[in-house]
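> build the 3D model from these lines:
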Amino acid sequence: MSMRNSCRWGQTFALAAALALAYILAAGSFPGAALADSLSEKQEKAKQVKAQLQANQAELDRLTAALNQAQSQLALVETSIQRNQAELEAAEAELQGYKGILSRRVKAMYMEGNSTTLEVILDSASFDDFLNSYDFMRMIGNYDAGMVDEARRLINTIREKRASLEQSRAQYQSQTNALASQRSAIQAKLAEQQSILNGLDSEIAALVKQQMAPSRSSGGGGGGGGWVVGPVDGLYFPVAGPCSFTNDWGAPRSVGRTHKGCDIMANYGTPCVAITSGTVVQRSGGNAGLYIFLYGDNGHLYYYMHLQGYAASGRVAAGQVIGYVGDTGNARGCPHLHFEFHPNGGAAVNPYPLLKAIYGR
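Residues are numbered from 1 along each chain as shown. Model (predicted):
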């Protein structure tokens, strides 16, 4: 090769290298650096989403705590109404007895020729006026005075009970309206959580779940799918989706009952998964609506109540979808899962510590 050709080839190579470098610089960086920038951006996006989810969850928990407190107060008002109603009916029945006795006494006095008795009756606008008549008191003497005093006491009691009932019923209606508003707020916040999750691409969703509680994963051992939480010591959180719960064990309920489980607030149709492997038995009826007994392979018994529908029966794997959150039974208008924990199949115990440990709070 001549010196001239060699020089020309060198110039061509240098020009090509310069053009290639310029192209790479114009593209932004080397491929490895571009990937690093993309990952960094997604991690930052995941961090922002995590903060948003946590803020929403804090508000959800506040709303749920307020709802549980309001439900307890409503139950106490309902119990008060029932007690006052029973006492009112008892007082009215007792007063009727005294009315009968005193009426027979007045009739006897009239039949004995006491014309003043008729005048007292005609001048009285009511039984209460009759009892307070000076002439009547003068006629009956000491023997019947005790009955008159008791009748007066019953009349005052009846007035007080009626006033108390009226006030309690107004309070009950006000709190019922407030409960409906609180339930709507919870459902809206749950829907917002689900909307955030639905809007994430798979990579960012995976990063968010990594940054959240270590126990959370994108799928369950039994194919629960969605936002499954677990396993923690082999156990899965029973609701696979946006939810909220507080320690409402023992809270007052209607008819003087106390709460024997933990209510997990979630939207209609949110999957419920098996906390552990075992056998599912489907049941329905009463306050529980549609419900499930899960006889765990660990020897414990779990109740899932107020379901919208069933998803499995018989043998199930841990984390497998077995039902869906609803509002059947006495939960109308307030979709949630009432969850109970019966160690060794015995009496229910507070499930909150167990749920808290699985959820990673």
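> CA only for contacts and neighbour counts going forward, please
Will do.
> tell me the contacts of the closest residue to Val281 other than its chain neighbours?
Nearest non-adjacent residue to Val281, counting by CA to CA, 6 or more residues apart in numbering: Phe293, 5.1 Å away. Shown in contact with Phe293 (CA atoms under 8 Å, 6 or more residues apart in numbering): 280-283, 301-304.
> so Phe293 sits in a helix?
No. Counting by DSSP: H, G, I helix; E, B strand; the rest coil, Phe293 is not found in a helix; it is strand.
> and stretch 177-193, how far from the chain's centre?
Taking CA atoms, centre = their mean, to the nearest Å, one finds the center of stretch 177-193 at 10 Å from the center of the full chain.
> got the contact list for that stretch?
Contacts for stretch 177-193 (CA under 8 Å, 6+ apart): 53, 56, 60, 63-64, 67, 70-71, 242-243, 266-267, 333-334.
> next structured bit after the helix or strand harbouring Glu192?
Using DSSP states H and E, Glu192 maps to helix 134-198. Later in the chain than helix 134-198, the nearest helix or strand by DSSP H and E is helix 202-211.
> so what does that next one touch, helix or strand wise?
Packing partners of helix 202-211 (3 or more CA pairs under 8 Å, 6 or more residues apart in numbering; DSSP states H and E): helix 31-111.
> what's the angle from the helix it packs on to helix 134-198?
Following axes from the mean of the first three to the mean of the last three CA atoms, to 10 degrees, one obtains 170 degrees for the angle between helix 31-111 and helix 134-198.
> packing partners for helix 31-111?
helix 116-123, helix 134-198, helix 202-211, strand 244-245.
> and the last one, what does it pack against?
In this structure, strand 244-245 makes packing contacts with helix 31-111, strand 262-265, judged by 3+ CA pairs under 8 Å, 6+ apart.
> how far is the first one from where the chain is centred?
Here helix 31-111 shows a centroid-to-chain-centroid distance of 9 Å under the convention CA atoms, centre = their mean.
> show the average pLDDT along it.
Helix 31-111 shows a mean pLDDT of 77 in the predicted model.
> that helix versus helix 202-211: what angle between them?
70 degrees.
> for the protein, which residues score under the pLDDT cut-off?
Low-confidence segments of the chain, defined by pLDDT under 70: 1-37, 98, 101-148, 211-226, 361.
> per-domain residue ranges of it.
Following automatic domain parsing, one finds the domains of the chain at 1-212, 215-361.
> just say which of those is most tucked in.
Greatest average neighbour count among the domains of the chain goes to domain 215-361 (a mean of 20), per mean count of other CA atoms under 10 Å.
> pretty sure Leu307 sits against Asp327.
Yes. Between Leu307 and Asp327 there is a contact under CA atoms under 8 Å: 6.4 Å.
> identify the contacts common to those two.
Common neighbours of Leu307 and Asp327 (CA under 8 Å, 6+ apart) are Gly289.
> Gly285 touches Gly329, doesn't it?
Yes. Contact criterion CA under 8 Å: Gly285 and Gly329 qualify, at 7.0 Å.
> Gly314 versus the nearest residue to Ala331 once chain neighbours are set aside, what's the distance?
Excluding its sequence neighbours, the residue lying closest to Ala331 (CA to CA, 6+ apart) is His306, at 6.6 Å. Noted for His306: a distance of 19 Å to Gly314, by CA to CA, to the nearest Å.
> again with Pro252
Pro252 is 34 Å from Gly314, by CA to CA.
> quick one: which of the helices and strands packed on helix 31-111 is nearest Pro238?
strand 244-245 (11.7 Å; CA to CA).
> picking that back up, pick out the most distant pair among the contacts of stretch 177-193.
Across the contacts of stretch 177-193 (CA to CA), the longest gap, 26.3 Å, separates Leu53 and Gln71.
> any chance of CSV for the helices and strands packed on helix 31-111, columns distance to Ser40?
Formatted as CSV, these follow (distance: least, CA to CA, whole Å):
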stretch, distance to Ser40
helix 116-123, 95
helix 134-198, 20
helix 202-211, 11
strand 244-245, 31
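> so for Lys42, which of those sits nearest?
Proximity to Lys42 (CA to CA) singles out helix 202-211 among those, at 6.0 Å.
> could you point out the longest strand of this structure?
strand 301-310 (DSSP state E).
> quick one: contacts of that strand?
Residues contacting strand 301-310 (CA under 8 Å, 6+ apart): 268-269, 282, 288-296, 322-331, 335-346.
> the next helix or strand after it pairs with which strands, and in what direction?
Helices and strands here follow DSSP H and E; after strand 301-310, the next one along the chain is strand 314-316. The strands that strand 314-316 pairs with in its sheet are strand 278-284 (antiparallel) (by DSSP bridges).
> angle of the partner strand against strand 301-310?
Using the same axes, to 10 degrees: strand 278-284 against strand 301-310 is 60 degrees.
> find the nearest non-adjacent residue to Ser164, please.
Per CA to CA, 6+ apart, closest to Ser164 is Asn84, 7.5 Å.
> looking at this, Gly333 is in a helix?
No. According to three-state DSSP, Gly333 belongs to no helix; its state is coil.
> contacting residues around it?
Applying CA under 8 Å, 6+ apart, the residues near Gly333 are 180, 183, 327.
> if I look at the second one, how far off is Gly289?
By that I understand Arg183. Using CA to CA, Arg183 is found at 19 Å from Gly289.
> ok, now Leu307?
Distance from Leu307 to Gly289, by CA to CA: 7 Å.
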